[in-house]
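Undergrad: Any chance you could fold what I've pasted below:
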Amino acid sequence: MKITSGYRCPKHPIEAKKASPGAHSTGLACDIGVSGSEAHQVLSLAMELEFTGIGVQQKGAGRFIHVDLTTSPNRPTVWSY
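TA: Below you'll find the model as predicted:
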């Protein structure tokens, strides 16, 4: 399993664009580089383990599954990029 993005400094270009720090900058998120049947396995496991945020990017290059443990209000539990 390859972690493509783990902790990000709040000054990281992606985090710096956000109004408030995201789950990566608090150490509560990671992106796992997977596709195909491996992505399905990771998605199933993430749902079983009750992650509070699961993002799915499975089109084009750079496919991954994002998982996090944040408790942000008004946010979907599962989304696609």
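Undergrad: Quick one: the helices in this protein, in order.
TA: Chain-ordered helices for the chain, with DSSP state H as the definition, fall at 13-16, 36-48.
Undergrad: Buried residues, the shortest one. List them.
TA: For helix 13-16, the neighbour count (16 or more other CB atoms under 10 Å) marks Glu15 as buried. C-beta coordinates here come from the backbone N, C-alpha and C atoms, glycine included.
Undergrad: Residues touching that helix, excluding its own?
TA: Around helix 13-16, the neighbours that count as contacts under CB atoms under 8 Å, 6 or more residues apart in numbering are Arg8, Cys9, Pro10, Pro21, Gly22, His24, Ser25.
Undergrad: Got the confidence number for the residue nearest to the third one when sequence neighbours are not counted?
TA: With sequence-adjacent residues excluded and distances taken as CB to CB, 6 or more residues apart in numbering, Pro10 is closest to Ser25, at 4.8 Å. On pLDDT, Ser25 comes in at 93.
Undergrad: Equivalent analysis for Met1, please.
TA: Met1 carries a pLDDT score of 83 in this model.
Undergrad: Check the gap between it and Asp31 for me.
TA: Here Met1 is placed at a distance of 11 Å from Asp31 (CB to CB, to the nearest Å).
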